[in-house]
Every structure is written in C-alpha cells, then in structure tokens.
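# for reference, the sequence and a predicted model appear below.
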Protein chains: 2
Amino acid sequence: MTQQAQTSQRGRLVLAEIAEQPDVADRLVTAASAPGGELARVAAAVREAAPRMVLLTARGTSDHAALYAKYLVEVQLGLPAGLTSTSTLTVYGARPDLRGVLWVSVSQSGGSPDLVESTAAARRAGALTLAVTNHAASPLAQAAELHLDVLAGPELAVAATKSYTAQLLALWLLVQAWRGASLQPAAALPELLAKAVGEDDVDAVAARYRFVDRLVLTGRGFSYPTAREAALKLMETSYLSAMAFSAADLMHGPLAMVDADRPVVVVVPEGPGGQALVPVLDALHERGADVCAVAPSGLAPHATVRLALPSGMPEDLAPVVQIVPLQRLAAHMALARGLDPDSPRGLRKVTETR
Amino acid sequence: MTQQAQTSQRGRLVLAEIAEQPDVADRLVTAASAPGGELARVAAAVREAAPRMVLLTARGTSDHAALYAKYLVEVQLGLPAGLTSTSTLTVYGARPDLRGVLWVSVSQSGGSPDLVESTAAARRAGALTLAVTNHAASPLAQAAELHLDVLAGPELAVAATKSYTAQLLALWLLVQAWRGASLQPAAALPELLAKAVGEDDVDAVAARYRFVDRLVLTGRGFSYPTAREAALKLMETSYLSAMAFSAADLMHGPLAMVDADRPVVVVVPEGPGGQALVPVLDALHERGADVCAVAPSGLAPHATVRLALPSGMPEDLAPVVQIVPLQRLAAHMALARGLDPDSPRGLRKVTETR
C-alpha cells in the first residue's frame, strides 16, 4: 500500500460511523413508535414500579449519556437522580438499601465487569435494574431485569460516536414514554442529523486549532454533557488537554486558566440553558478569550468562530445534534495533526475496569 | 515597598491558612465531642428523620467535599446518594418530590445565590435541608433547616484550603455521629496534619514540574475527591491544565493523552481504594509516565517522585491529610513561576452563579 493510500484510510471507521447517525436515529424513532415494542414494554414496567429515584451508572462516553438522562429525570419526571460511584459497590463492598430505586446502567458494549457486577449488586439490593446497551446479548443486558437496545449497529471505531447519540435518543424516548409525553419531537432528528454531518464549517475550526494543545469546553444543563463528551473525544483522538466544566463551575476557579492561548468551546442551545450562558459568554469576551460557539445563528454573537446548529430544536433534544460537529471536529483535528483517530494510542474498544 | 518585599508577600495568605489546618482540625474534633453540641443535635435530627437518600449540592472546592461525603454515605450508611445538578432547580424550574431526602448544601461562604435558591426550593419540595458552611450567619445557613459550622475561621485566600479540610472532617464527623460510630479515629488528625504541613518534599516536586503545563491527577473511591481538589488548586493558582479522573474513568479514554510530557499525580491510600489503583499504576509504568505518588512509603514503588503521607490512616479519613501536600505543591508551583497564589487572575473569593 502506498503512503498516500494509508493516509487516506485514516479515520475511515470513525468518519463512517459519524455519518451513520441519521440512519441510527431513524431506526430508533421508528422502533419507538411500534406498539408493544421494547420501549413500550420497558416504559410500562418502569411506570408500574413507580420508582422514587433514579441512579445511573456508566463509564466514559456512556457516562455523558447518563448525565444527560439525569437532567431529563430531574426536570421532566421531577424525580431525584444521581450518578453512582461504582467503586462503592465493587471496591468497598457497600450493600445499600435500593428499594424504590430505578438503577440504569448505560454501556455501548455491555461488557465492562464493574458495571455488570454493580448492576447485579443493585438488583440484589432491591433496585429495579435497566441496562441500556448496544448489545442485547451482553453480560450487562443479562444482569439487568430490563434491557433497552440503542440499535446503533456494530460500532468498530475506538472513539464512540453513533452509540452516544443513540444512547441519548433512547434515554430521551424512554423518559417521554415513561411520563406519557409525545415522541413526535424526535421525528425531526434524522433530517437535522443529516444536515449536521454535512456542514462544512468544521474544517476551518480544525485548521484554526491545529496547534492548540489546551482547550476548555463548557455548557449548562442539558448541554453540559455535550461539553464533557466533546472533551473526551478530543482527548482520545488528538491527545489535547480538553477540559470540560459546567458553566457555573467554570466561574468558580477554572476561569483563572482561560487566556488567549486557551480557546473555549461553548455549547449554546436555545432555551433557558442557553440564556444562563449569557453572563459566562460576557465574562469570556471581557477576558479576550478565543470562543468557539456551537450554537444556532444569532446566539453568542461575540464568538470568534462558530460551528452552526439548526434553529428551533427543543432544548432537551438538542444534545443529540449538538455533539455531531464536535465529533467531526475531534476527528478532523486528529487528521490535521497527522494522527489516526481510529487508532488512539493505548486504548482498546472495550475497557475492563473493576 | 521594595520589589523584594512585595515578592516575599506572595502567597502569604494561602500559606498561612494551609499551616492553620492542624488547629482547625483540633477545634472541630474538640467541638464534636461536646455532648449536646451542634454536631450531636444535627446528627440526632437527621437520625430522627431517617432519610431514604442523600442529595449533596455544592460548587468548586466544596463540591469535592460533597463528593467525599457521597462515598461516606454510600459506603458507611448504605444509603443511595447523588450530587445535584443545581441548574435543574434554578434554570429549568424543576419541582421534584424530595420527601425522604436529606439535602446537604456545602459552601465555605454560604453566599452563592444558586445554592441558597436551590436549597430553599429543596426545602419547599419536602427535603430535610442541612447547610454545611463556614459562616453561621450566611444566607445559606439561614435557608436550611439545619446548619453545621466547619469552624475554619475567616478564610481570606481566594484558593480555599483550610475550609476544605474542615468540610471533609465536619462531614466525616456527621456521618459517624449519624450512624453511631466512634469519633476517636479523628483524634489523631491534628498531629498528622501538623506533620503534613511541615514535610519538606514539596519543593523538589514543585521544581521538577516548574515547566509542566499539563498534568493528570487520579485517585479512586475516597481519594478521588483529593485528585479533583488538587487539580482545581493547580488550575486556580498556576493556570495549569490539571485534569482529574477517577482511575477507572482514566482507563476509558483519557489514558491516550498520557505521555512523557504529561506527569500523572496518583493519590494512593492504604486500603481497598489503594489496592484498586495497582493495575492503573502498572499501566502508567508501562507507558513510561512520570508518576508522582501521594502515598505512604511502600505503596506505588515505581513512582518517579513522591509526596509522603503517614502510614496507618483509615482510608475514609485519609483525604483530610492527603490534600495538604497537594495544596502546598500548588502554592509552591505558583511561586516557582513568579505568580502570586493569593491573586489568581479574574477570581474573587465569593463566586455568584445562578
């Protein structure tokens, strides 16, 4: 194979999977509307159990989907929710009383031993357990009482992309079905995702940040998980020090780090979360920060560069689309640096931690 | 004032407050043993309410104390616990049903409007509310039904140090009093802290990392909050890209970033949390990472440099002492860079977010 041919192969897997996201969303939305389908059955079982609280457990990319679900549960279901610290069950052997708890484990592979072990322990402790995975036959899907398939299809790239947006959408659909809300707003997603995977503004931003080695990302509320997930993609594929903070936490200390050499990516949705970012954007502007806004046009007008998002998305669904330009930015920045985003050093697709 | 005199003043506030920590611990331990004192009254009220779960809310440094308390609650009380996403109440106006919930707000100043607002909302939603602050007359202390004073005395440095260890210790004492366990293990802390503030190994590590601009910190379980808090101190005072991960999350992606230019600080306690770090230390050793172990002698034998911790501390109390060499490292690294750790650019002591 010539060197040129090898180079042209770089990032092939992750770029293909990013491009698949409109199809995955279409598949999930179609399956969700099937009466008596998996989503309807899981939602009915959860409603019947009437949990008093929700605990979510996950690692890596899936942890950001779990964080997104935490906002949905708190805001739309009015239930307290928490992200678990897996080690309390697996390392310290805690045996909490989990009656009245819905325990949701989110994992692409369904294979990480600590998730399987902690989910089994939660089930023994009285929780109703639900696994949200991309592998219906996985150990995690078997360990939990209920399973929801995110239907992303085989994911081969080490950097998870389509399984992430599939997790977000599956969790959104579950919460709507649980509370008896319409699934209709999701019908627009395949088209919005198709637009997002085709936007041509990513190359200019990737070129601008070619020599950046430190980056801050921020968001608020529903869009904060987007900042976290984008940071992980940039760490994994370009080895950047990409640090994500909720916009409120950014103001409590880390703001001191922001200077002209450290661009700040701000994820700005329409809605209350975006409005809450206005004073943060003002503070960044005042410091002369180089701001990349991931936002519909009209929001964050002082940003230095932009990754465009469509207007009119409900804020709670926007994260499914928001992450796409950032996935593409991570892949293109790796390519611009001569790296292969499909071969992050030292990582395997399935990480086993205990 | 001559330039030399000005220079000699740098870091005066934060270094003095770091040195006060043995006295603060002594004050807290003495107050805790008073029958009918504040701790006993708060613990009795919490026991009587018999909460089914605990939600913790905080920002910045206090958020790391809240995370520590989450481990205590889950492991030692066997109750589910979660860190709240403040914005769900303040930005999105969620009105969850919080009956059966103990809501703990942790804040040095007790002044941040979003904490006051969310605590008041939690109280209206049926939670038993407890404020853990350094200001008994603060709005947060007034908003909550119960208050626990961390007795750190006025904290003037922007970078919180003594109020952090005081929060950790106050929360530890509360959980022990709540579950009826002995407070005796805390009696050793003032002496252990006095030793930690006098260790002379910090200068060598600060000198070694003088030109580092990116750093990874990690820990597991009870010691993970130490890594988070140390990262914040380094960000605030030296503007480093200091990124903290739980050791399990580090293996799910961010490990790809670790190279010879990016040292890794690993907080290694005695006990199960420290044992769970052995494979992580091995993986770092295999990659040729420059590892700084914050550990008792004998643990993490392959570390490149060390910040010594005393042996024999119970793992659940070790975080109170572990952070001290890291606070000192942050201050000394700022000084080594010609910065004033008492004047982080763009920060004020009390951050107001909504």
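All right, it came through fine.
# where along the stretch 101-250 of chain A do the helices fall?
Counting by DSSP state H, counting those that start in this stretch, one finds helices in the stretch 101-250 of chain A at the ranges A:113-124, A:139-143, A:162-179, A:189-198, A:202-208, A:224-238, A:247-251.
# does chain B sit close to the longest one?
Read that as helix A:162-179. No. Helix A:162-179 lies out of reach of chain B by C-beta under 8 Å from any C-beta of the partner chain, never closer than 12.1 Å. All C-beta spots, glycine's among them, are computed from the backbone N, C-alpha and C.
# just name the most buried of the helices of the stretch 101-250 of chain A.
Among the helices of the stretch 101-250 of chain A, helix A:224-238 has the highest mean neighbour count (mean count of other C-beta atoms under 10 Å in any protein chain shown), at a mean of 28.
# can you state the direction angle for it and helix A:162-179?
160 degrees (axes from the mean of the first three to the mean of the last three C-alpha atoms, to 10 degrees).
# coming back round to it: could you point out which of the helices of the stretch 101-250 of chain A sits nearest A:Asp282?
Nearest to A:Asp282 among the helices of the stretch 101-250 of chain A is helix A:247-251 (11.2 Å), distances taken as C-beta to C-beta.
# pretty sure A:His92 sits in a helix.
That one is not His; residue A:92 is Tyr. No. Per DSSP: H, G, I helix; E, B strand; the rest coil, A:Tyr92 lies outside any helix segment and is coil.
# neighbours of it, how many?
Counted with other C-beta atoms under 10 Å in any protein chain shown, the neighbours of A:Tyr92 add up to 21.
# surely it and B:Pro272 touch.
Yes. Counting by C-beta atoms under 8 Å, A:Tyr92 touches B:Pro272, with 5.8 Å between them.
# related to what we said a few turns ago, redo the helices of the stretch 101-250 of chain A as a markdown table? Include mean pLDDT and distance to B:Arg210.
Putting the helices of the stretch 101-250 of chain A into a markdown table (pLDDT from 0 to 100; distance: least, C-beta to C-beta, whole Å) gives the following:
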| stretch | mean pLDDT | distance to B:Arg210 |
| --- | --- | --- |
| helix A:113-124 | 94 | 38 |
| helix A:139-143 | 97 | 45 |
| helix A:162-179 | 98 | 39 |
| helix A:189-198 | 96 | 44 |
| helix A:202-208 | 93 | 30 |
| helix A:224-238 | 95 | 24 |
| helix A:247-251 | 88 | 26 |
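# export these as TSV, with columns for distance to B:Pro314.
Below are the helices of the stretch 101-250 of chain A laid out as TSV (distance: least, C-beta to C-beta, whole Å):
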stretch	distance to B:Pro314
helix A:113-124	23
helix A:139-143	32
helix A:162-179	38
helix A:189-198	51
helix A:202-208	50
helix A:224-238	33
helix A:247-251	30
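# looking at those helices, spot the one closest to B:Leu215.
Closest approach to B:Leu215 among those is made by helix A:224-238 (13.7 Å; C-beta to C-beta).
# give the other helices and strands that that closest one contacts.
Contacts defined by 3 or more C-beta pairs under 8 Å, 6 or more residues apart in numbering or on different chains; DSSP states H and E place helix A:224-238 against helix A:61-72, strand A:214-219, strand A:241-246, strand A:264-267, helix A:318-336.
# from the chain's centroid, how far away is it?
Centre-to-centre, helix A:224-238 and its host chain are 9 Å apart (C-alpha atoms, centre = their mean, to the nearest Å).
# so how far is chain B from A:Pro80?
6 Å (C-beta to the nearest C-beta, to the nearest Å).
# that residue - nearest residue in space that isn't next to it in sequence?
Nearest non-adjacent residue to A:Pro80, counting by C-beta to C-beta, 6 or more residues apart in numbering or on different chains: A:Met53, 4.6 Å away.
# what pairs with the nearest residue to A:Ala49 once chain neighbours are set aside across the strands?
Excluding the flanking residues, the one nearest A:Ala49 by C-beta to C-beta, 6+ apart is A:Leu128, at 4.7 Å. Under DSSP bridges, the beta-bridge partners of A:Leu128 are A:Leu102.
# what's the per-residue pLDDT of A:Leu128 here?
Here, the pLDDT recorded for A:Leu128 equals 98.
# neighbours of the closest residue to chain B within the stretch 151-300 of chain A, how many?
Using C-beta to the nearest C-beta, the single residue of the stretch 151-300 of chain A nearest to chain B is A:His252, 3.4 Å away. If you count neighbours by other C-beta under 10 Å, A:His252 ends up with 24.
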